[in-house]
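**Student:** let's see this in three dimensions:
(chains A and B)
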Protein chains: 2
Amino acid sequence: MPGPRFTDLAAALPATVPFVGPEAQERARGRPFFARIGANESVFGPSPAAVAAMARAAAEVWMYGDPELHDLKAAIAAQHGLGPDHVVVGEGIDGLLGLLVRLLVAPGDSVVTSAGAYPTFNFHVAGFGGVLHRVPYAGDREDPGALFARAAATGARLVYLANPDNPMGSWWSGGEIVAALDALPDGAVLALDEAYVELAPPGTAAAVAADDPRLIRLRTFSKAYGMAGLRVGYGLAAPPLAAAFDKVRNHFGVGRIAQAGALAALGDAAHLGRVQAEVAAGRARLAAIAAASGLSALPSATNFVAIDCGADGVLARRVLAQLVERGIFVRMPVVAPHDRCIRVTVGTPADIDAFAAALPAALAAARG
Amino acid sequence: MPGPRFTDLAAALPATVPFVGPEAQERARGRPFFARIGANESVFGPSPAAVAAMARAAAEVWMYGDPELHDLKAAIAAQHGLGPDHVVVGEGIDGLLGLLVRLLVAPGDSVVTSAGAYPTFNFHVAGFGGVLHRVPYAGDREDPGALFARAAATGARLVYLANPDNPMGSWWSGGEIVAALDALPDGAVLALDEAYVELAPPGTAAAVAADDPRLIRLRTFSKAYGMAGLRVGYGLAAPPLAAAFDKVRNHFGVGRIAQAGALAALGDAAHLGRVQAEVAAGRARLAAIAAASGLSALPSATNFVAIDCGADGVLARRVLAQLVERGIFVRMPVVAPHDRCIRVTVGTPADIDAFAAALPAALAAARG
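**Tutor:** Below you'll find the predicted structure:
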């Protein structure tokens, strides 16, 4: 019997995945990592109030979550001084990016991102048949002016920009991003990924009018809020764009435990403050550890630090491999010249100790 | 400034949603329901082992879930005597149906379902531009022969069939389904929704060869396993179809708590046995309550009972409204002649007491 008749688009898609998880690497290695500091997870964990709320919700999980996400949307809206009609909640920023691409990008439509930026966005663009244009960074920062100019030149429907950036940790002020928006062509939408913005200096978040149709600001509970495994992200957008997600989203997709955990986390500002302080201290420690080995750490507005290994991608890939071999899970940028760096998540003090202990030998082996 | 330029398909989609949740109804009513027996949730809850596993995972939810879902897929595969390459796990059957439609249905492609069957499937078909053909039930059962004949006549890529059925609770034996598959045209795929099959008589599940390319069997942790708010479903299919989901799925979409809860639930056969017994007893009680009011309950292989109100949709809709007015959340079929029925989920003894107390007055008011 013949197999399924996939759509032409589905049949043509490659079988690649955006990321290989640390669990898969551990299965391949046959042993666990000592330090899990490669996926920019928040080792400081969720708010204790959120853990309690999730545990309570677990006993009630026989009920579907509210498909309108009424309480969570109201709390998010209140925190941002917006109405609930400006908020869309989804299965992480990953899920929202997929829906956004689906709403805006038909096969053959132009989309713009930075070379070396978030692979999962690219995965979604390919998945809906978009034509992706990649713009170089300006040094170690994404280049809003160049991104928006390329959008104008290619008639793009959608532009992706992360601020702060991943994988470099660099950032623009929110004011600089907003000023650059004037060059975004009419009718194009900026997906402004602010996944790390709670860990950035004040003023990094883009402050725009509530009904500005030019962008959707994407936030997550996966990073500063410490709940990557819960899968809750949200978007802030003008109501016509926010409402459009209802046409295509998995209406019950953000479940009961997810809603309860996110709602409780949002209410625990003290925990967020502790995480911000821990992350700042950890960034400084990682920079000092790099310096002690003669390497330089790039400034970071995130919970990770890009460490310049001082040469090219060949050397950095060797350093990475040596660290992984020593049980330290880290990742690195994939595009030159950023692939001169490895990317290290701020870990617990014990994680950072393990990294500090492994780095000199890993460097020596990589150079040797 | 102009708004976003949606794709032609997105712009043309209606703003409807598949279901209005009980929470939204409660907000509109201004008061809660006494009995939540309208969404076929399992009031008997999850396995205590699953609750404990979810609570433990809540504290570790700072970590992403394994995007390969290695342990959960292995356990599912073992339970069904299959390899992990026959299993795909997703954000509920709802999420998997969306991905399946996306893989198989391009705009204009033909899809077949039953008139009055699962609205969320229809939502996904519309969302990807498919042309939906609706086949009448044969009496109170879906009609596999007619569905597959219509698929042949329309060149359909995809056919949807729920066994047991929702909203009527009726069923075919697995052997009858498999025999009917011979009429499915080459290259078409049957989405066989077995969401309720753990609550059906032995022999209801379709037993097919592991590499049969003609169908994907869809299962869920939302019904008998009592975890509707967790969002975990899975599909069993030949490896080429199962693998194709990797091209388009949200790879981190089934998070850490979800994987832990599902894995623990799968291992607690005793809890499942208790739920099966409770559901069977509850169905019998609902039938007796219907009979006491001079109504008949249809036979059911699910955790709900369709109760024939004895006339047409006008009367049944009045009965439903009267029950809702009395604080009893129930739903009903939307297509004639099935809309002569209301659909009542097996509740706790207290839920069923509340339904029993409300039904006579609701009936009298509806008729009066």
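**Student:** for A:Phe123, which non-adjacent residue is closest in space?
**Tutor:** Among residues not flanking A:Phe123 along the chain, A:Pro18 sits closest, at 4.8 Å (CB to CB, 6 or more residues apart in numbering or on different chains). Heads up, the C-betas are built off the backbone N, CA and C, glycines and all.
**Student:** distance-wise, check the one you found relative to B:Lys73.
**Tutor:** Remark: distance between A:Pro18 and B:Lys73 (CB to CB, to the nearest Å) = 19 Å.
**Student:** which one of the two is surrounded by more residues?
**Tutor:** B:Lys73 (23 against 16; other CB atoms under 10 Å in any protein chain shown).
**Student:** ok, that one - contacts?
**Tutor:** For B:Lys73, the contacting residues are B:84, B:87, B:89, by CB atoms under 8 Å, 6 or more residues apart in numbering or on different chains.
**Student:** how about low-confidence regions in the stretch 101-250 of chain A?
**Tutor:** Of all residues in the stretch 101-250 of chain A, none has pLDDT under 70.
**Student:** can you list the residues of it near chain B?
**Tutor:** Applying CB under 8 Å from any CB of the partner chain, we find that the stretch 101-250 of chain A lies next to chain B at A:102-106, A:109, A:120, A:127, A:157, A:186-189, A:212-214, A:222, A:226-231, A:238, A:240-241, A:243-244, A:246-248, A:250.
**Student:** buried only: go through these for me.
**Tutor:** A:102-106, A:109, A:120, A:127, A:157, A:187-189, A:212-214, A:222, A:226-231, A:238, A:241, A:244, A:246-248, A:250 (16 or more other CB atoms under 10 Å in any protein chain shown).
**Student:** got the end-to-end distance for stretch A:188-205?
**Tutor:** 20 Å (CA to CA, to the nearest Å).
**Student:** go through it and flag the buried ones.
**Tutor:** A:188-200, A:204-205.
**Student:** SS state for the spatially most central residue of chain A?
**Tutor:** In chain A, the C-alpha nearest the mean C-alpha coordinate belongs to A:Ala195, at 5.1 Å (CA atoms, centre = their mean). What DSSP: H, G, I helix; E, B strand; the rest coil gives for A:Ala195 is coil.
**Student:** give me every residue that touches the closest residue to it other than its chain neighbours.
**Tutor:** Excluding its sequence neighbours, the residue lying closest to A:Ala195 (CB to CB, 6+ apart) is A:Thr220, at 4.8 Å. By CB under 8 Å, 6+ apart, the contact list for A:Thr220 reads A:92-93, A:195, A:232-234.
**Student:** out of those residues, who's nearest A:Arg31?
**Tutor:** Proximity of those to A:Arg31 was ranked by CB to CB; the top entry is A:Gly92 with 29.0 Å.
**Student:** verify the contact between A:Leu315 and A:Cys309 for me.
**Tutor:** Yes. With contact defined as CB atoms under 8 Å, A:Leu315 and A:Cys309 form a contacting pair (5.3 Å).
**Student:** buried set for stretch A:359-368?
**Tutor:** Those would be A:359, A:362-363, A:366, for stretch A:359-368 by 16+ other CB under 10 Å.
**Student:** wait, I meant stretch A:270-280
**Tutor:** By 16+ other CB under 10 Å, the buried positions in stretch A:270-280 come out as A:271-272, A:275-276, A:278-279.
**Student:** who's in contact with that stretch?
**Tutor:** Stretch A:270-280 is contacted by residues A:42, A:44, A:46-50, A:198-199, A:224-226, A:265, A:303, A:346 when judged by CB under 8 Å, 6+ apart.
**Student:** please apply the same query to stretch A:355-368.
**Tutor:** Contacts of stretch A:355-368 (CB under 8 Å, 6+ apart): A:35, A:37, A:286, A:289-290, A:292-293, A:295, A:309, A:315, A:318-319, A:321-323, A:325-328, A:330, A:344, A:347.
**Student:** ok now it, how far from the chain's centre?
**Tutor:** Centroid displacement of stretch A:355-368 relative to its chain, using CA atoms, centre = their mean, to the nearest Å, is 28 Å.
**Student:** with that, I have no additional questions.
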